[in-house]
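1. model this:
(chains A, B, C and D)
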2 protein chains.
Amino acid sequence: MLSKKTKYGLKALTYLASVDSKEPVQIAEIAKNENISQKFLESILLTLRRNGFLGSKKGKGGGYYLIKKPEEIQMTSVMRVLEGPIAMVPCVSLNFYEKCDDCPDENKCSVHKLMLQVRDSALEVYRNNTLADLIS
Amino acid sequence: MLSKKTKYGLKALTYLASVDSKEPVQIAEIAKNENISQKFLESILLTLRRNGFLGSKKGKGGGYYLIKKPEEIQMTSVMRVLEGPIAMVPCVSLNFYEKCDDCPDENKCSVHKLMLQVRDSALEVYRNNTLADLIS
DNA sequence: CTTTTACCCTATAGTTTTAATAGATTTTAA
DNA sequence: TTAAAATCTATTAAAACTATAGGGTAAAAG
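-> Predicted coordinates for the structure are as follows:
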């Protein structure tokens, strides 16, 4: 299951990308238009900012704005920041690798074998989609 | 993340397929060889039996055995039974469809668009893998 | 100096996961 | 017919995670 955090984060990014102005957009506006709990969205936007996707401006006329062009924002990086590892099992994760404690030999593990394929296919999708692709 | 339930279920199925005899295999043997909590495995094997993957025999010399040939067990059905929907969002699920309450129009939803692709790519993997493929 | 906004920290209800516990039931074999 | 070997069933519980709410702080603008 995709967490609501990721879902809302993606929606917020899309919203900012489609607004397309470089004027900051307020949290409240995004929350209202995308039907998201404002407080929850607040924390999501914060992590998106901390991870280099968004910039922010405080005070009147403040808000959030995209730092990069939508074409330059790959879904791989968005997913990793919001949802965590793309792999369904740590032992096939590129960025978050961990050995399974119950598994003596990864190369003989059926789960490993299957999940490697699932990871690769998911990666291909995420690599082929930028934020710009999700708008059109 | 793949649940341990699914992981263990897959391992158990693989074990049964690789044993290859039609003699029932005891839970304890599977649990020991695959490093799985026996009681947990018990409930997993039960759901696999209830869903037509396994047969069981009680009493001395009892245990679990595959009902179908490994070549006939598709990963799509195994995953749906153990892990649930293959889609990451209900609104793109084939077998468990549900409308998002926050989303006025699915066709314009960026999340929908992306997750549709992810689902399709995952489905392709699961459809191309039977239990037999995971052994070799 | 007041308003508006993002920022930050904490708590919490609810759900899901991952089992552990205890026993009931069925079958086989001595 | 008894005992042992298994599966079955139900209940409970700890832990982790999710999705939010509340309340206060800091900064920017006018």
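2. In this structure A:Val19 contacts A:Asn33, no?
-> No. Using C-beta atoms under 8 Å, A:Val19 is not in contact with A:Asn33, being 9.7 Å away. The way it works is simple: take the backbone N, C-alpha and C, and place the C-beta from them, glycine included.
3. quick one: the longest helix seen in chain A near DNA strand C?
-> The longest helix of chain A (DSSP state H) is helix A:110-127. No. Remark: helix A:110-127 sits outside contact range of DNA strand C, by C-beta under 7 Å from any atom of the strand, the gap being at least 12.6 Å.
4. Would you mind identifying the next helix or strand past that helix?
-> Going down the chain from helix A:110-127, the next helix or strand is helix A:131-135, by DSSP states H and E.
5. Tell me the buried residues in that next one?
-> A:Leu131, A:Asp133, A:Leu134, A:Ile135 (16 or more other C-beta atoms under 10 Å in any protein chain shown).
6. ok, now stretch A:119-136?
-> Neighbour-count burial for stretch A:119-136 flags A:Arg119, A:Ser121, A:Ala122, A:Leu123, A:Val125, A:Tyr126, A:Asn129, A:Thr130, A:Leu131, A:Asp133, A:Leu134, A:Ile135 (criterion: 16+ other C-beta under 10 Å).
7. Turn those into TSV, including distance to chain B and pLDDT.
-> Converted to TSV, the buried residues of stretch A:119-136 look like this (distance: C-beta to the nearest C-beta, whole Å; pLDDT from 0 to 100):
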residue	distance to chain B	pLDDT
A:Arg119	9	97
A:Ser121	4	98
A:Ala122	6	98
A:Leu123	9	98
A:Val125	5	98
A:Tyr126	8	98
A:Asn129	6	98
A:Thr130	11	98
A:Leu131	8	98
A:Asp133	8	97
A:Leu134	4	97
A:Ile135	7	93
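8. what's the burial count for the nearest residue to A:Val89 once chain neighbours are set aside?
-> Of all residues not flanking A:Val89 in the chain, A:Met115 sits nearest, at 4.7 Å (C-beta to C-beta, 6 or more residues apart in numbering or on different chains). Neighbour count for A:Met115, taken as other C-beta atoms under 10 Å in any protein chain shown: 22.
9. can you check the one 3 residues further on too?
-> Residues near A:Val118, counting by other C-beta under 10 Å, number 25.
10. Three-state assignment for A:Lys60, please.
-> coil (DSSP: H, G, I helix; E, B strand; the rest coil).
11. Quick one: residues contacting it.
-> With contact set as C-beta atoms under 8 Å, 6 or more residues apart in numbering or on different chains, A:Lys60 has no partners.
12. Just the pLDDT for it.
-> Looking at A:Lys60, its pLDDT reads 94.
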